[in-house]
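*Asks:* model this:
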Amino acid sequence: MDPIETAIYQQDMDLPSEAATISIARRLAAVARAGDVIALNGDLGAGKTSFARSFIAAMTGQAEEAPSPTFTLVQTYDSERGTIWHFDLYRLERADDALELGLEDALAEGITLIEWPTRIAGLLPDERLDVTLSFQRDRDSARHLHLAGRGGWAPRLQSVIGHG
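*Replies:* Residues are numbered from 1 along each chain as shown. Reported below is the predicted structural model:
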């Protein structure tokens, strides 16, 4: 098996506030490039869209808040490093419906953020960054973050996040 396919770097961290979520999204945006896929996992309200908005703002330099693609299912944004595709697949009925939204183009040439990636699990590339946000008990704005960089994401994630 090719070592790129098997390389993985994982990191867990607590995010005490929304500002911490924004900070990590910006740090990851700094190393993102065309062809990257970021799968955003977590329950409703866990911070997936906040992460995506911060990532998009860092990549595009936009001061205004990017709209959530909850109803449109996908939004695109131009950046110097390529088109950013932001998918919110919560309302997706079948995995194949994502292909009609331009998923193949996004995966081939864009920087792709996917909320609710389990809806299209069989279509996701092996090389990606998995971001999982979860609630911390008794702390309203605090979240727990699990990152798993696979393939080419592994060394980049390790360089950005470090050894914990």
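*Asks:* what bridges to the one residue sitting closest to the centre of the chain?
*Replies:* The central residue of the chain, meaning the one whose C-alpha is nearest the mean C-alpha position (CA atoms, centre = their mean), is Ile38 at 3.3 Å. When bridges are taken as DSSP bridges, the partners of Ile38 come out as Leu113, Leu129.
*Asks:* who's in contact with it?
*Replies:* Contacts here follow CB atoms under 8 Å, 6 or more residues apart in numbering; on that basis Ile38 touches 28, 32, 55, 111-114, 128-129, 131. C-beta here means a position set from N, CA and C on the backbone, and glycine is covered the same way.
*Asks:* which among those end up buried?
*Replies:* When these are checked for burial by 16 or more other CB atoms under 10 Å, the buried set is 28, 32, 55, 111-114, 128-129, 131.
*Asks:* circling back: Ser79: which of the contacts of Ile38 is nearest?
*Replies:* Distances from the contacts of Ile38 to Ser79 were compared by CB to CB; the smallest belongs to Ile111, at 7.2 Å.
*Asks:* thought Ala34 was touching that closest one, still the case?
*Replies:* Yes - applying CB atoms under 8 Å, one finds Ile111 in contact with Ala34, separated by 6.2 Å.
*Asks:* between these two, which contacts overlap?
*Replies:* Looking at what touches both Ile111 and Ala34 (by CB under 8 Å, 6+ apart), the common residues are 81-82.
*Asks:* so where's this structure uncertain?
*Replies:* For the chain, the stretches with pLDDT under 70 are 1-6, 63-64, 70-71, 138-139, 163-164.
*Asks:* all helices of it, in order?
*Replies:* For the chain, the helices defined by DSSP state H cover 3-6, 18-29, 48-60, 97-100, 103-109, 153-161.
*Asks:* Asp88 against Arg53, yeah?
*Replies:* No - Asp88 is not in contact with Arg53 according to CB under 8 Å; the separation is 11.5 Å.
*Asks:* Ser50 - how many residues pack around it?
*Replies:* Other residues near Ser50 number 18, with proximity taken as other CB atoms under 10 Å.
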